[in-house]
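Asker: I'll drop the sequence and a predicted model, then ask my questions.
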Amino acid sequence: MDQLALLFVLLLGALVTVPLGDRLGVPSPVLMTIGGIVLALLPFVPNVAVPPEFILPLALPPLLYATAQRTSWRQFAANVRPILLLAVALVFVTTAAVAAVANAIMPGISLAAAVALGALVAPPDPVAATAVAGSLGLPRRLVSILEGEGLFNDVTAIVLYHVAIAAAVSGSFSLSRAVGELVLSAVVAVAVGLALGWAAKRLMDVLGDATLQIGLTLLVPFVAYVLAEELKGSGVLAVLTTALFLAEYAHDPDDVLGRLAGHTFWEVVDTLVTGAAFGLVGLELHNAVSTASGRWGEMLGVGGTVVAVVVGVRLLWLLPAAWVTKKLHKRRDVDEDVLLSWRETVVTWWSGMRGVATVALALAIPLTKDDKSPFPARDEILFVAFAVIIATLVVQGLTLPWLVKAVGVRKDIDASRELERQLATRAAKAARHRLLELVEDEDLSEDMMESLGRRAYDMGARISPDMVDEERRDAHAQRVERLRALHRLQGELLSAARHEVMAARSEPGMDPEVVDSVLRHLDERTLRGL
């Protein structure tokens, strides 16, 4: 099996593990990691030959962009306090704790190299956390906290990692310089992200066509990452800034087809890249086995100790941090997401899985220092990183569904329904208000006004039936039943038309482009229910 064949196997696995994971109740990233481990044990499967410096630029931008598209500036602004406690403070604390322990128990490792190890195992993976938490029916508040932590902790960890690697390679370290680099990295990244987001928005308006716009969104995260890195900024933060900007300002509410196509496209990209990335994580078993060969006892002891520190520090930090955040949470901070119980704190603790960023940073460690001597304990760092990934991603990922069920953390369905009802009411009011404006501008008959008014009302009732009283709900249900019958019959007519047009595609003298154009028109009518 060559490298290209291995890539296609991983991409196929990314698709297959989604329904398989749903059936087994196991998150697909966990299954892909296990699948990668199995592949690594097969003798005919080659070692992965992806250059380490390409892993982060190729894998992280699309994954972070897809994840960030599901949130908003407002959500991050409302959750600054919990995000800072988890994505910044906890990364520093975990890095310091792991560095201290590694420097004490790993022979031959320098303090700077130990800090690099701490930085690369500190950040929970945003993709793993979102994929796992989103499939378990957790409260939206809890998922938001995990998403915020996952998206921003990479920024802190990667900057710490680069500072530590530079110190280990050069043999010198300056605290003031490190702080300056951290601040400069953040400022440059935000500036690049905002500028690129603005430019992408203007270019989308010029392109117009949904296909070209979606193609642009595929390029944007890579450009943001590479451009920020070239300017000594944080590529991760630049991607997040660009994604949040475009999510806020680049969508036309009336571009229904473009929005649906874009959502579908990014779902496909997210599924394929996530699966391939976590399969790659599992395939790194090759390197771990070669490193531990002949000294399994020693390496397992070191790896187990670091795993215990990573997992233990997260719990010891979360317990007081959750308590402090809850105490500081004021009544006016209605939009802030906080952990409301020890049960949610335990689930958040066990959701701290490491993944793509950890393995990419570990593989990116240089082979030598500036003086041409070997990088201190590089092989041992790789083994420990893999041990942390397996323990947190596979073990915690497999047991998290059981833990969620055991502690009784469930999605707040009543709150979701209430929010849905409020939005449905607002949607119906906006439609009725627009109808009143149209009445003043156009000559509408009474029958048409009554029909449009009923449709405006039904629009909200379809979204949330709870917004209407029982009597009107029954009348609405009858109208919906009639509309469903009408749409079903109309669907039969459109289906017959589509079959006839598609059959004509193979007829002599028929232009396929004209056929596809007519078929697209019928598809759009089907989608819009017209």
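Answerer: Perfect, I can see it now.

Asker: okay, and residue 214 sits in which element?
Answerer: In the assignment (DSSP states H and E), residue 214 maps to helix 210-230.

Asker: next, the buried residues of that helix.
Answerer: 210, 213-214, 216-217, 220-225, 227-229 (16 or more other C-beta atoms under 10 Å). Heads up, the C-betas are built off the backbone N, CA and C, glycines and all.

Asker: and the residues you listed, which is closest to residue 357?
Answerer: Set against residue 357, the nearest of those by C-beta to C-beta is residue 225 (12.8 Å).

Asker: quick one, what contacts the closest one?
Answerer: Under the criterion of C-beta atoms under 8 Å, 6 or more residues apart in numbering, the contact list for residue 225 reads 57, 60, 61, 235, 236, 238, 239.

Asker: coming back round to it: and the buried residues of helix 210-230 as a markdown table, adding pLDDT?
Answerer: Conversion of the buried residues of helix 210-230 to a markdown table gives the following (pLDDT from 0 to 100):
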| residue | pLDDT |
| --- | --- |
| 210 | 79 |
| 213 | 86 |
| 214 | 87 |
| 216 | 90 |
| 217 | 89 |
| 220 | 93 |
| 221 | 93 |
| 222 | 94 |
| 223 | 94 |
| 224 | 94 |
| 225 | 92 |
| 227 | 93 |
| 228 | 92 |
| 229 | 88 |
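
Asker: re earlier: buried subset of the contacts of residue 225?
Answerer: The neighbour count (16+ other C-beta under 10 Å) marks 60, 61, 235, 236, 238, 239 as buried among the contacts of residue 225.

Asker: can you name the two of the residues you listed that are farthest apart?
Answerer: Looking across those, with C-beta to C-beta as the criterion, the two at the greatest separation are 60 and 238, at 11.1 Å.

Asker: average model confidence for the strand or helix carrying residue 142?
Answerer: Counting by DSSP H and E, the element that carries residue 142 is helix 140-170. The average pLDDT for helix 140-170 rounds to 80.

Asker: offset the numbering so it begins at 52, please.
Answerer: OK, 52 is where the count begins now, so the last one is helix 191-221.

Asker: quick one: pLDDT of residue 435?
Answerer: Reading off the per-residue confidence, residue 435 sits at a pLDDT of 90.

Asker: okay, residue 142: pLDDT?
Answerer: At residue 142 the predicted local distance difference test score is 90.

Asker: now do residue 578
Answerer: Confidence at residue 578, expressed as pLDDT, is 69.

Asker: check residue 315 too.
Answerer: According to the predicted model, the pLDDT of residue 315 comes to 84.

Asker: sec struct for it, please.
Answerer: When states are read from DSSP: H, G, I helix; E, B strand; the rest coil, the local structure at residue 315 comes out as helix.

Asker: count of neighbours near it?
Answerer: As a burial measure, residue 315 scores 11 neighbours (other C-beta atoms under 10 Å).

Asker: hang on, the earlier thing: I'd like the next helix or strand past the helix holding residue 193.
Answerer: Per DSSP H and E, helix 191-221 leads on to helix 226-258 as the next helix or strand towards the C-terminus.

Asker: now do the buried residues in that next one.
Answerer: 229, 232-233, 236-237, 239-241, 243-244, 246-248, 251, 255.

Asker: all set now, cheers.
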